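Student: got a predicted structure here, sequence first:
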Amino acid sequence: MAMDIEIKAILAKGLSEGYVGKGVRGKAVRIGISLETNEYQGLEGKYRDEWAGHQNGGGQEIAEAANGGKATRVYAGGSLDVDGLKKLWLTDKDVIEKLIFFINQLGEKTRQDQDAVATEGVWNYSYKVLKSVKEIPVEVGEEEIRFHDNLVFIHYHINSPIR
């Protein structure tokens, strides 16, 4: 994809410091729908994430790197419902903790322009680039978490520079 290394870095840093770290958390309302938000600002640039839903939903990340490059990443999906997780002796919290673990472990190597895999015990994480369009820079990816080979979490991501 035509996103430079600086914009990839702020997307990764914003995610690690925002959603999974110590970013500034907040709330927003769009057309009457309550969203959760987080923001990060540092030497790398600025980042904001807004999302709706916990078990299933989606959101949008926007970022501006220190060099002026801008990008967006939209995502949607979620985890098994409460009953499906109970059958596996899991909770939504267990799944989100593993998501945070894998995102922290992989950093810039996931949710962008390359495939990534990681394993911890009986948990498996994968991110696959499904489509990459060079002429109009956009990429679509699929993120999965499996527990004992059972799908417990899936997100689809679309990455695009902002021009």
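Tutor: Done, it's in. Every value quoted in this text rests on a predicted model; they were computed, and no experiment measured them.
Student: ok, residue 37 touching residue 47?
Tutor: No: the criterion here is CB atoms under 8 Å, and residue 37 misses it with residue 47 at 10.9 Å. Where you see a C-beta, it was placed from the backbone N, CA and C, and this is true even at glycine.
Student: any stretches of this structure with poor pLDDT?
Tutor: Along the chain, the model assigns pLDDT under 70 to residues 1-2, 21.
Student: longest single helix anywhere in it?
Tutor: Secondary structure of the chain per DSSP state H: the longest helix is helix 92-106.
Student: what residues of that one count as buried?
Tutor: Across helix 92-106, burial judged by 16 or more other CB atoms under 10 Å covers 92, 94, 95, 96, 98, 99, 101, 102, 103, 106.
Student: now swap in stretch 137-157 and tell me
Tutor: Applying 16+ other CB under 10 Å to stretch 137-157 flags 137, 139, 141, 143-147, 152-155, 157 as buried.
Student: try stretch 61-76
Tutor: Within stretch 61-76, the residues that count as buried by 16+ other CB under 10 Å are 61, 62, 63, 64, 65, 69, 70, 71, 73, 75, 76.
Student: same deal with stretch 83-93?
Tutor: Residues of stretch 83-93 classed as buried: 85, 90, 92 (neighbour count, 16+ other CB under 10 Å).
Student: identify the residue nearest the geometric centre of the chain.
Tutor: In the chain, the residue lying closest to the centroid (CA atoms, centre = their mean) is residue 111, at 6.2 Å.
Student: how close does that one get to residue 81?
Tutor: Using CB to CB, to the nearest Å, we find residue 111 at a distance of 24 Å from residue 81.
Student: returning to what we had before: what does the longest helix of the chain contact?
Tutor: Helix 92-106 is contacted from outside by 15-16, 19-20, 54-55, 79-80, 82, 85, 110-111, 116, 118, 120, 123, 125, 127, 145, 147, 152-153, using CB atoms under 8 Å, 6 or more residues apart in numbering.
Student: run the last query once more with 10 Å
Tutor: For helix 92-106, contacts defined as CB atoms under 10 Å, 6 or more residues apart in numbering pick out 12, 15-16, 19-21, 54-55, 78-82, 85, 88, 90-91, 109-112, 116-121, 123-127, 143, 145-147, 152-153, 155.
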